[in-house]
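Q: Here you go, sequence then predicted model.
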Amino acid sequence: MTAYERLYKFNPCYPSFLRERTVEQAVADCKKGSWMLWAYAKLYPDNILQLTLAKALCAETAYDLMSADGKALVKAALFYAQGKLHVSALDSYNKKLSGELTHADAAARACVFEERPGSAAIHAARAHAMADWEHFDVAWGKQEALMADICRKVLLFD
């Protein structure tokens, strides 16, 4: 079964890319961590801890650009994904992030409090690209590829 056949009911991006590949092939060839997070969330909606781990690791790539509260939320999300922190405790970390968020802090919040699963990767990529404005597209692409590698290591697609 192709990746498109498994994902078509969710209105996926890149349908021509998906029509020619199985999910496993699409994951192996994908250069966008944001897409891999989205696909995993659609295919495996009950695997919250695994998805949270991948989102937190993607957000962590912008760790050096985060506020102290953003860093604390990413650490909390990692503990939650490992079963070391109850989900209710995450809310107290989230409440510390207030006002207008930087892209790096938005990546932190997206680890656990975002309906669009790819947002953690998108905000982290945007944070790096904004920090290297003269090379925005290159920085964005490198960051997405890095997060795709993270997703390949953490998320188990079958």
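A: In hand now; what should we look at?
Q: make it CA atoms for all contacts and neighbour counts henceforth
A: Fine.
Q: Compute the mean per-residue pLDDT across the biggest helix by length in the chain, please.
A: If you go by DSSP state H, the chain has its longest helix at helix 136-154. Helix 136-154 shows a mean pLDDT of 92.
Q: name the helices or strands packed onto that helix?
A: helix 33-43, helix 48-60, helix 119-131 (3 or more Cα pairs under 8 Å, 6 or more residues apart in numbering; DSSP states H and E).
Q: Try it again at 6 Å.
A: Under the contact criterion of 3 or more Cα pairs under 6 Å, 6 or more residues apart in numbering; DSSP states H and E, helix 136-154 touches helix 33-43, helix 119-131.
Q: Next, the angle helix 48-60 makes with the last one.
A: In other words, helix 119-131. On the basis of axes from the mean of the first three to the mean of the last three Cα atoms, to 10 degrees, helix 119-131 is oriented at 0 degrees to helix 48-60.
Q: for the helices and strands packed on helix 136-154, which one ends up most surrounded?
A: Across the helices and strands packed on helix 136-154, averaging neighbours per residue (mean count of other Cα atoms under 10 Å) puts helix 119-131 on top, at a mean of 25.
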